[in-house]
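S.K.: Sequence first, then the predicted structure:
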There are 2 protein chains.
Amino acid sequence: MPPKKISIRDIARQLGVSSTTVSFVLNGKQKEKRISDKVAKSVTDLARKLKYEPNHMARGLRTGKTKTIGLIVEDISNHFFAHIAKVVERRALKYGYRVLYCSTEDNAKKAKELLHMLKYRQVDGFIITPTASLEKEISLLLDEHRPVVLIDRYLPGLPVSYVIADNFTGAYQAVLHLIGEGYRKIGFVTTTSSQMQMKSRFEGYKQALSDHRISYEPALVLKIPFSGARSNAPGGIMELLNKQTPEALFFATNYLGICGIEGIKKLGMKIPSSIAIASFDEHDLFRLHDPGITCIAQPIEEIARNVVDILVAEMQSEKSPVTQMILPSQLIIRGSSERK
Amino acid sequence: MPPKKISIRDIARQLGVSSTTVSFVLNGKQKEKRISDKVAKSVTDLARKLKYEPNHMARGLRTGKTKTIGLIVEDISNHFFAHIAKVVERRALKYGYRVLYCSTEDNAKKAKELLHMLKYRQVDGFIITPTASLEKEISLLLDEHRPVVLIDRYLPGLPVSYVIADNFTGAYQAVLHLIGEGYRKIGFVTTTSSQMQMKSRFEGYKQALSDHRISYEPALVLKIPFSGARSNAPGGIMELLNKQTPEALFFATNYLGICGIEGIKKLGMKIPSSIAIASFDEHDLFRLHDPGITCIAQPIEEIARNVVDILVAEMQSEKSPVTQMILPSQLIIRGSSERK
DNA sequence: CTGAAAGCGCTTACAG
DNA sequence: CTGAAAGCGCTTACAG
């Protein structure tokens, strides 16, 4: 007995009016279509009484709209993206949109499949954390005039909206802070990916060094692939520490920072006395670790709110203006970077 | 120029056959409907060439199926639920289902709205982390023969499938371990909610005490509301520590454990020398904190895999057998509970 | 102020 | 072995 679904026709028949009229009233077009108050009231009353629910599929088929946003993140189980997702969901709901989430795991093939899936599902708009080599697919979306906003990183050269944190300045500030504490031999742990957010963080690191006449040492930079990072990174970091004996390390993402702490712990080294550290992103671990971990906190709420607002604006207007927004990150100084 | 969508009729016309035939072939019913190989091949070839994509809405309208699962968690930004979501998504995809996530924030009103929303969206099945007083709505789903599987907690008395961790035994083991280390004045920090998973953990705590002739002290139990926990819990825990001076604390969830560490830190107390602790759930912070935090790890992968398998089975069979599964948790002993 | 009718793109019982 | 036709539940241009 799957629900005795009430349709517009049921209401129309019971009231002796046409389904057109019912549809108009139920869609708030009473004024516009000049339906009499009396008829309108009888329709809304009966609809309420019968607990009428529009059929989403039928409406979608007819209008081509699904009132659904596709959100493609890198990894929903990562603190940063999980928070983004939560705020996006809440914000989208305000505009009457639902969110279909998925994770790329930083895998271009998976990203393409997800994009395809979301198109097939006919989402009205896309929020995408792009992987590498996704330019063609994104261009295609733009050609088709589908609303798209990128998040966390952008694809240089593509005329597409995005909302990101100021990765360059964030990294620059963190490294500047380490230099200010007196460290000079500063290592950088990042991913193998050449995505923009990573590039900018890398540039910020190098710029801070060069602004203080510290020569850039490629041997102090460790690049770790996303896939398998959780298991491989701690070992790689241990090796870096042993071979290069840096005084301080800056980690380009929260999970790299977490892996770094793990590696440092395994070596029995002390933070900050034997190695000072700082990381991109905020995390409970960074906040409550002893000592606290200095970090660059991204404005998660602000990013998520803006990304939804921009997307909704694009979905509502015909011509989509391109909005590119870079939000400031915040340096949070804690014990892990103190000069002892 | 939103995509020049190819429909079944386009293919049929170009080939001079009926859309019926095209539909049969594309749905793999060639044999069953005895379509000639020649026709079938021409259809599949042309469909590929034109990059035919079925219209999801039209199919859904016709069949009443959306190939979508609704997943209602408590809080997608919580480590436990974020991981569950990730595994559920991956597993569901194997069966050709997409997942629509949402968070209740442990708010019954929001949960009801979400349920309503998902029904309206016509998801084919539901995975639900129920809030309090959701019995009526869940019963209704069952009456309508909608596939439902609960997760993390169940609703006593309702004939509905669920997959949960063995909360009682998990808590029992943790407290037993604390007792084994020589602690006797053991506090318990839980939520105000009377949901089953919390009840079971509470029972496990009490049982372990009573099995060792330690009298249960209500003053050692602190109950914190979910909403605002992040800001209120640390203070409450500090008060408990100051007033009752327990030797050890057991936290009923990961976020309570995290708040506990924060409170302990603020008081300048040392773990485990001034207060020993253990917590339900695993977390990066627990793993890498110094000392490590003893915890009860739930079998997240297993829970998520089973919940999808059970739901898919229910969606595929007419009569839904009720499957209730309780999976063992694992005690991970770390420095935070050591007797010094 | 209101209605008859077409059509969105599928699936499927029925007929031959 | 294949097709004509109905219908899922809406929305909307058109007509009056």
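M.R.: Received, thanks. Numbering: from 1, shown residues only, chains lettered A, B, ... in the order given.

S.K.: what about A:Glu325, which SS state?
M.R.: Not Glu; residue A:325 is Met. With DSSP: H, G, I helix; E, B strand; the rest coil as the basis, A:Met325 sits in strand.

S.K.: go on, A:Leu100?
M.R.: Following three-state DSSP, A:Leu100 is assigned to strand.

S.K.: before we move on, what about A:Pro130?
M.R.: Per three-state DSSP, the local secondary structure of A:Pro130 is coil.

S.K.: from what I can see it touches A:Leu155, true?
M.R.: Yes: contact status for A:Pro130 versus A:Leu155: in contact at 5.7 Å, counting by C-beta atoms under 8 Å. In short, each C-beta sits where N, CA and C put it, glycine included.

S.K.: Now for these two: what residues contact both?
M.R.: Counting by C-beta atoms under 8 Å, 6 or more residues apart in numbering or on different chains, the shared contacts of A:Pro130 and A:Leu155 are A:Ile138.

S.K.: So for these two, which residue has more residues nearby?
M.R.: A:Pro130 (27 against 18; other C-beta atoms under 10 Å in any protein chain shown).

S.K.: ok, that one - contacts?
M.R.: Applying C-beta under 8 Å, 6+ apart, we find A:Pro130 in contact with A:111, A:138, A:150, A:153-155, A:195.

S.K.: between the residues you listed, which is nearest DNA strand D?
M.R.: Nearest to DNA strand D among those: A:Ile138, at 28.5 Å, using C-beta to the nearest atom of the strand.

S.K.: you'd agree the closest one is in a helix?
M.R.: Yes: remark: A:Ile138 belongs to a helix, assigned using three-state DSSP.

S.K.: Which pLDDT does the model give it?
M.R.: pLDDT recorded at A:Ile138 is 95.

S.K.: Make sure it is actually in contact with A:Tyr162.
M.R.: No: if you go by C-beta under 8 Å, A:Ile138 and A:Tyr162 don't touch, sitting 10.6 Å apart.

S.K.: Could you tell me which residues touch both of these two?
M.R.: Shared contacts of A:Ile138 and A:Tyr162, counting by C-beta under 8 Å, 6+ apart, come down to A:Leu150.

S.K.: where do the strands sit along chain A?
M.R.: With DSSP state E, the ranges of strands along chain A come out as A:68-73, A:98-103, A:125-128, A:148-151, A:161-165, A:186-191, A:221-224, A:248-251, A:276-280, A:294-297, A:324-327, A:330-332.

S.K.: can you list the domains in chain A?
M.R.: A:8-54, A:67-165+A:300-327, A:167-298+A:331-337 (automatic domain parsing).

S.K.: what about the nearest residue to A:Ile179 once chain neighbours are set aside, neighbour count?
M.R.: Once flanking residues are discounted, A:Ile179 sits nearest to A:His212: 5.2 Å by C-beta to C-beta, 6 or more residues apart in numbering or on different chains. For A:His212, the count of nearby residues is 12 (other C-beta under 10 Å).

S.K.: Flag whichever of the contacts of A:Pro130 scores worst on pLDDT.
M.R.: Lowest model confidence among those falls on A:Gln195, which carries 91.

S.K.: residues touching it, list them.
M.R.: Listed by C-beta under 8 Å, 6+ apart, the contact set of A:Gln195 reads A:130-132, A:153.

S.K.: If you rank those residues by neighbours, which is first?
M.R.: Neighbour-wise, those (other C-beta under 10 Å) top out at A:Pro130, 27 neighbours.

S.K.: ok, back up a step: least confident of the domains of chain A, on average?
M.R.: domain A:8-54 (a mean of 85).

S.K.: That one: end-to-end distance?
M.R.: End-to-end distance for domain A:8-54, by C-alpha to C-alpha, to the nearest Å: 8 Å.

S.K.: from the middle of its chain, how far away would it be?
M.R.: 41 Å (C-alpha atoms, centre = their mean, to the nearest Å).

S.K.: repeat for stretch A:96-108
M.R.: 9 Å.

S.K.: Do you have the helices of the stretch 201-340 of chain A handy? List them.
M.R.: A:229-244, A:254-266, A:284-288, A:300-316 (DSSP state H, counting those that start in this stretch).

S.K.: how about the ones you listed in CSV, adding mean neighbour count and distance to chain B?
M.R.: Below are these laid out as CSV (neighbours: other C-beta atoms under 10 Å in any protein chain shown; distance: least, C-beta to the nearest C-beta, whole Å):
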stretch, mean neighbour count, distance to chain B
helix A:229-244, 17, 10
helix A:254-266, 23, 5
helix A:284-288, 21, 4
helix A:300-316, 20, 10
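
S.K.: Output the ones you listed as CSV; include the columns distance to B:Ile333.
M.R.: As requested, the helices of the stretch 201-340 of chain A are arranged in CSV below (distance: least, C-beta to C-beta, whole Å):
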stretch, distance to B:Ile333
helix A:229-244, 21
helix A:254-266, 17
helix A:284-288, 20
helix A:300-316, 34
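
S.K.: so A:Lys112 touches A:Glu137, yeah?
M.R.: Yes: counting by C-beta under 8 Å, A:Lys112 does reach A:Glu137; the two are 5.8 Å apart.

S.K.: residues touching A:Phe251, list them.
M.R.: A:189-190, A:257, A:260, A:277-280.

S.K.: Around A:Lys29, how many other residues sit close by?
M.R.: Close neighbours of A:Lys29, defined as other C-beta under 10 Å, add up to 13.

S.K.: Next, count neighbours for the closest residue to it other than its chain neighbours.
M.R.: In space, and not counting its chain neighbours, A:Lys29 is closest to A:Ile35: 7.8 Å by C-beta to C-beta, 6+ apart. Residues lying near A:Ile35 (other C-beta under 10 Å) number 19.
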